[in-house]
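Asks: Sequence and predicted structure, then a few things I'm wondering about:
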Amino acid sequence: MLDAMRLFPSDPAVRAVSQKLYETVRDLPILSPHGHTDPAWFAKNEAFPNPAALFIQPDHYIFRMLYSQGVSLESLGIPQLDGKQQADPREVWRIFAKHYYLFRGTPTRLWFDYSLSVNFGLTERLATGNADEYYDIIDRKLQTPEFLPRALFERFNIEVLSTTDSPLDTLEHHKAIRESGWKGRVLPTFRPDAVIDAEYAGFRENIERLGAITGENIGSFNGYLNALRRRREFFISMGATATDHGHLTAMTADLDAHTGESLYQRILSGRSVPEEQQIFQAQMLTEMAGMSAEDGLTMQLHPGSIRNHNKQVYEKFGRDKGADIPSPTEYVRNLRPLLSKYGNSTNFTFILFTLDESTFSRELAPLAGHYPVLKLGPPWWFHDSPEGMMRFRETATETAGFYNTVGFNDDTRAFLSIPSRHDVARRIDCAFLGRLVAEHRLDEDEAFEVVKDLTVNLVKKAYKL
């Protein structure tokens, strides 16, 4: 299924350079500084239950495509809020195999073929005819020591992997990993949306829990901010190097102390209106930037997704079930309050992502090409594809260069897709650099330096790894 020259340009001269570049980074360690894998996998180190639970049920890239073609989430065994998960895993796998043609031309197809071939030695395309055979082969291997989570982590040559964690999380699984003596680096990431977004389910209860955990008086804005500082300190003590923020917009604000207190009281009362909630989130982005300037945690902003667009799916299955839809995002005016205050700091790294590709050349690359704190995150989510990666390099490099970007991160819940995602990113970067060399826009020796920087060095620097 896998051609050695996949994703390289068809032009022979460019392909030759791209291949040479790729050979120098193909086997470098994987740095995965932003993702959504479950730390319990590595704390408990138990066998994955079955192929469906490993490949299909945690991966919204897969089940959202199936759902779009009339396959019910119930038939795929996606967990429901009422606890139901009634689906035979073998039948789930058969449904996936029957509909595998839906993924033609998608990055999911690239990732999945890679996983089947490299991890399980399966060289024929998945189809109805071989579905049961493939299920049995994979299922047997998952019960062997070589396919336990820690063994796969080591086989994948992962140097560090960061999870994404609630500010209320005890991080017990991260603690268990650290105390186990295992050498794998699995780090938490501070994701405070649950106590910053007033529309988040259980928001007011979350604020109460934040106060109880930290011992701070969350009845005042200063107490609330101090509680967040305490949680950040705890995350840092557990190895965290970054925060992550998933707001709808990139709006920021810089309110005076009196206005901030008054707004917080409205939010805390539960009587706030949407406009006030939006301003509160905007203010909290600036507050989080200030805290990062103090404690050194790299700050990531992932705006532009209208979450849980499908109300029926949300009410039955909850968050993150494939119904998050991109929305246009404005950065220049929205980020100005934050950047006016912290944009020239020396102890602050602010990584911007987008689902609105039109902003790369118009807004994000010019911003990152000026402000010392700003760096551009790689193509994210719907644009984590060969085409999306190439568009990013073509539109951002002309203004921001390579060194105002941060390499690649996989942003995945699907553990076995991590090596394939990084392999795709490395191949596309080599293809882009190969073209620059062939067009005499970049010397070949420089291309070899750049591709290593894009693969490991920029990631380590931006995320302090």
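Replies: Sure, I can see it.
Asks: tell me the domain ranges of the protein?
Replies: 12-47+146-462, 48-145 (automatic domain parsing).
Asks: what's the most buried one of those?
Replies: The highest mean neighbour count among the domains of the chain, using mean count of other Cβ atoms under 10 Å, belongs to domain 12-47+146-462: a mean of 19. For glycine as for every other residue, the C-beta is placed from the backbone atoms N, C-alpha and C.
Asks: Kindly check the end-to-end length of that domain for me.
Replies: This stretch, domain 12-47+146-462, spans 35 Å end to end (Cα to Cα, to the nearest Å).
Asks: Can you pull the phi and psi angles for S162?
Replies: Backbone torsions for S162, taken as degrees, to the nearest 10, come to phi -110, psi 140.
Asks: Would you mind measuring from it to I351?
Replies: From S162 across to I351, the span is 13 Å (Cβ to Cβ, to the nearest Å).
Asks: Mind listing the shared neighbours of the two?
Replies: Common neighbours of S162 and I351 are not found (criterion: Cβ atoms under 8 Å, 6 or more residues apart in numbering).
Asks: With distance to R6 and mean pLDDT added, can I get the domains of the chain in a markdown table?
Replies: As requested, those are exported to a markdown table (distance: least, Cβ to Cβ, whole Å; pLDDT from 0 to 100):
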| stretch | distance to R6 | mean pLDDT |
| --- | --- | --- |
| domain 12-47+146-462 | 7 | 97 |
| domain 48-145 | 8 | 95 |
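Asks: now the strands: where do they sit in the chain?
Replies: Taking DSSP state E as the test, the strands found in the chain are 30-32, 158-162, 186-187, 242-245, 298-301, 305-306, 325-326, 350-352, 374-376.
Asks: Make a markdown table out of these and add distance to L152.
Replies: Below are the strands of the chain laid out as a markdown table (distance: least, Cβ to Cβ, whole Å):
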| stretch | distance to L152 |
| --- | --- |
| strand 30-32 | 12 |
| strand 158-162 | 9 |
| strand 186-187 | 13 |
| strand 242-245 | 24 |
| strand 298-301 | 26 |
| strand 305-306 | 29 |
| strand 325-326 | 31 |
| strand 350-352 | 27 |
| strand 374-376 | 30 |
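Asks: closest to F96 out of these?
Replies: Comparison of these against F96 by Cβ to Cβ identifies strand 325-326 as nearest, at 23.3 Å.
Asks: on contacts alone, who are the packing partners of the closest one?
Replies: strand 305-306 (3 or more Cβ pairs under 8 Å, 6 or more residues apart in numbering; DSSP states H and E).
Asks: isn't L210 right up against P167?
Replies: Yes. If you go by Cβ atoms under 8 Å, L210 and P167 touch, sitting 6.7 Å apart.
Asks: Need the overlap of contacts for these two.
Replies: Common neighbours of L210 and P167 (Cβ under 8 Å, 6+ apart) are 195, 228, 231.
Asks: For the residue nearest to L433 when sequence neighbours are not counted, list the residues it contacts.
Replies: Leaving aside its chain neighbours, L433 sits nearest to A447 (4.4 Å; criterion: Cβ to Cβ, 6 or more residues apart in numbering). Contacts for A447 (Cβ under 8 Å, 6+ apart) come out as 17, 21, 433-434, 436-437.
Asks: Tell me which two in the residues you listed are the farthest apart.
Replies: Farthest apart among the contacts of A447 by Cβ to Cβ are L21 and L436. That separation is 10.5 Å.
Asks: nearest to Y101, of the shared contacts of L210 and P167?
Replies: Nearest to Y101 out of these is V195 (Cβ to Cβ; 43.5 Å).
Asks: Next one: the closest one relative to F42, how far apart?
Replies: 26 Å.
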